[in-house]
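*Asks:* Sequence below, structure please.
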Amino acid sequence: MKRGFYLVMAAQALSSLADNALFIAAVRLIEELHGPDWMTPAMKWSFALAYVLLAAFVGAFADSYPKGRVMFVTNALKVAGCLLMFSYASLGISHDHQVYLVSAAYALVGVGAAAYSPAKYGIVTEMLPPHMLIKGNSWIEGLTVFSIILGTALGSALISPSISHALLHVPLVRRLAHTPAEAAILVIAVVYLVAAVCNLLIPNTHVRYPPQQKNPIKLISTFGGYVRILWKDRLGQISLAVTTLFWGAGATLQLIVLEWGRHQLGYELNQSSILMLVAAVGTVIGSVLAGRVPLRRALDVLPIGALMGVVVLFMPFVHATASVYALLLVIGGLAGYFVVPMNALLQHRGHVLLSAGHSIAVQNFNEQLNILLMVAIYGVLLYLKLPIGTVIFIFGSAVALLMLIFMRWSRSNLRKMPELLEQIGQEGHGQALDHGHGRDHDR
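*Replies:* All right, here's what the predicted structure looks like:
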């Protein structure tokens, strides 16, 4: 691995850690302001919505400049959102409306994250050869999930009575912050700044792309063409379908685990949160193990995704703490093991057909759109007051069934075009752009 890749990993880990810690601090700040209960899920929605609404633009932005600088600028936008949240009480806004400023500030962080992502993943394809992509992605995905764990833990620790009390007695913090949430936000802003320093140290890869379109209408139209290119490609469509399902299922599973812990296992909210961390640890382990899978064997992991859906069906039947933890570790491990090779295959195929930034933007658009869809479906199931066991059965069965469909779809593609496997690992980028958007590259 090149030195620059380690800087990318460090910047990503710190930025993701701060994102997740800031969410906890924002929730605490909303509680301090006596905001409505619906504001917390609304913040999650606004964060994911930024990925969908900006998908047509962030890819072009990421491919217009050196990606290390793009990561710095977008990380600076996160810092701005963090500081805007901290300034909720000093901008002359009435107390009743300050909670909306907090939500808007977190949405601004989501905009930064949406623009950060194509550069973060795109630079991996620029720094590493195709045969190293799965290993590189296993590190990136593992660190991302690990940073989610640490970020959630950090946010919870910063707002805890003992640590927040200690922070508020530090002279510099005491002059600037007055509540536990404010003190936590200050610390998180420092984490963002350290990530920004790592961004500045990332070396220029000297990979250049054709001049990017700047007209918003044409960007949206062009982006639609990019989406069609990846969905029509025989390799791209499978990896895109799988990763889109995974991220939507992953976001929904987090909510299911919380509800399962509280209503079936009788856990308090903080104990249910620990269940999410256990599943995340399993994902880290699975992601690291997946680093040994060669890129040419990426399609071989599809049955693991179907197995994950089947294992989820066992959740209503376990109650002992050790069994619960073991089951969640297995679910997380299976998820990490099958998504990393598919993610690497999608990035590789997107890089070959389009470009690093545009392919990641297409990926984010589909994944975040599915997150919004699946979380909405989950909300409807809860609104209908279905038992959590029934919800788990619907969820696990749907994941397993869809993965079986994707496996059959993949085998059909390989039967029609056996040479597809030879296309995995090929060099180059922008092949579809060179031939125009109207031609199908799966023929």
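*Asks:* so who does the closest residue to Gln12 other than its chain neighbours touch?
*Replies:* Leaving aside its sequence neighbours, Gln12 sits nearest to Lys120 (CB to CB, 6 or more residues apart in numbering; 5.5 Å). (Glycine included, C-beta is placed from N, CA and C.) The contact partners of Lys120, taken as CB atoms under 8 Å, 6 or more residues apart in numbering, are Val8, Ala11, Gln12, Lys67, Met71, Ile140, Ile360.
*Asks:* Name all residues that make contact with the second one.
*Replies:* I take that to be Ala11. Ala11 sits next to Met71, Asn75, Lys120, Ala195, Ala196, Cys198, Asn199, Ile202 when contact means CB under 8 Å, 6+ apart.
*Asks:* Tell me which two of the residues you listed sit farthest apart.
*Replies:* Lys120 and Ala196 (13.4 Å; CB to CB).
*Asks:* Now the helix or strand where Ala196 lies: buried residues?
*Replies:* Under the criterion of DSSP states H and E, Ala196 resides in helix 180-201. Applying a neighbour-count criterion of 16 or more other CB atoms under 10 Å, one finds 180-189, 191-192, 195-196, 198-199 buried in helix 180-201.
*Asks:* Reformat the contacts of Ala11 as CSV; add distance to Val52.
*Replies:* Written out in CSV, the entries for the contacts of Ala11 read as follows (distance: CB to CB, whole Å):
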residue, distance to Val52
Met71, 21
Asn75, 21
Lys120, 18
Ala195, 24
Ala196, 26
Cys198, 28
Asn199, 25
Ile202, 27
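*Asks:* least confident pick among those?
*Replies:* Looking at pLDDT alone, those dip lowest at Lys120, where the score is 77.
*Asks:* Against Ala189, how distant is that one?
*Replies:* If you measure Lys120 against Ala189 using CB to CB, to the nearest Å, the figure is 20 Å.
*Asks:* can you tell me which residues contact Leu230?
*Replies:* Contacts here follow CB under 8 Å, 6+ apart; on that basis Leu230 touches Gly236, Gln237, Leu240, Leu346, Arg349, Gly350, Leu353, Leu354, Ser359, Val362.
*Asks:* any idea of the pLDDT on it?
*Replies:* Leu230 is assigned a predicted lDDT (pLDDT) of 85.
*Asks:* Need the phi and psi values for it.
*Replies:* Backbone torsions of Leu230, given as degrees, to the nearest 10, read phi -70, psi -40.
*Asks:* same thing with Val278?
*Replies:* When quoted as degrees, to the nearest 10, the phi and psi of Val278 stand at phi -60, psi -50.
*Asks:* and it, how many neighbours?
*Replies:* Counted with other CB atoms under 10 Å, the neighbours of Val278 add up to 19.
*Asks:* Now it. Nearest residue, chain neighbours left out?
*Replies:* With CB to CB, 6+ apart as the criterion, Val278 has its nearest non-adjacent residue at 4.5 Å, and that residue is Leu328.
*Asks:* Can you name the residues in contact with stretch 364-378?
*Replies:* Among residues not part of stretch 364-378, those counted as contacts by CB under 8 Å, 6+ apart are 44-45, 48-49, 51-52, 55-56, 58, 114, 117-118, 223, 227, 240, 243-249, 251-252, 255-256, 391, 395.
*Asks:* ditto for stretch 25-45
*Replies:* Contacts made with stretch 25-45 from outside it, assessed by CB under 8 Å, 6+ apart, are listed as 23, 85, 88, 95, 98-99, 102-103, 105-107, 155, 158-159, 179-182, 184-185, 188, 372, 375.
*Asks:* Straight-line length of it, end to end?
*Replies:* The first and final residues of stretch 25-45 sit 17 Å from each other (CA to CA, to the nearest Å).
*Asks:* Give the next helix or strand downstream of the one helix or strand Met374 maps to.
*Replies:* According to DSSP H and E, Met374 maps onto helix 356-383. Using DSSP H and E, the helix or strand that follows helix 356-383 in sequence is helix 388-416.
*Asks:* Mind giving me the packing neighbours of that next one?
*Replies:* If you count contacts as 3 or more CB pairs under 8 Å, 6 or more residues apart in numbering; DSSP states H and E, helix 388-416 packs onto helix 236-263, helix 302-312, helix 356-383, helix 420-423.
*Asks:* if we can go back for a sec, of the buried residues of helix 180-201, closest to Ile217?
*Replies:* When those are compared for distance to Ile217, the smallest value, 31.1 Å, is given by Asn199; criterion: CB to CB.
*Asks:* Check whether the nearest residue to the closest one once chain neighbours are set aside sits in a helix, strand or coil.
*Replies:* The spatially closest residue to Asn199, leaving aside those adjacent along the chain, is Phe72, at 3.8 Å (CB to CB, 6+ apart). For Phe72, the secondary-structure state derived from DSSP: H, G, I helix; E, B strand; the rest coil is helix.
*Asks:* Touching, Phe72 and Cys198? I think so.
*Replies:* No - taking CB atoms under 8 Å as the definition, Phe72 is not a contact partner of Cys198, at 9.0 Å.
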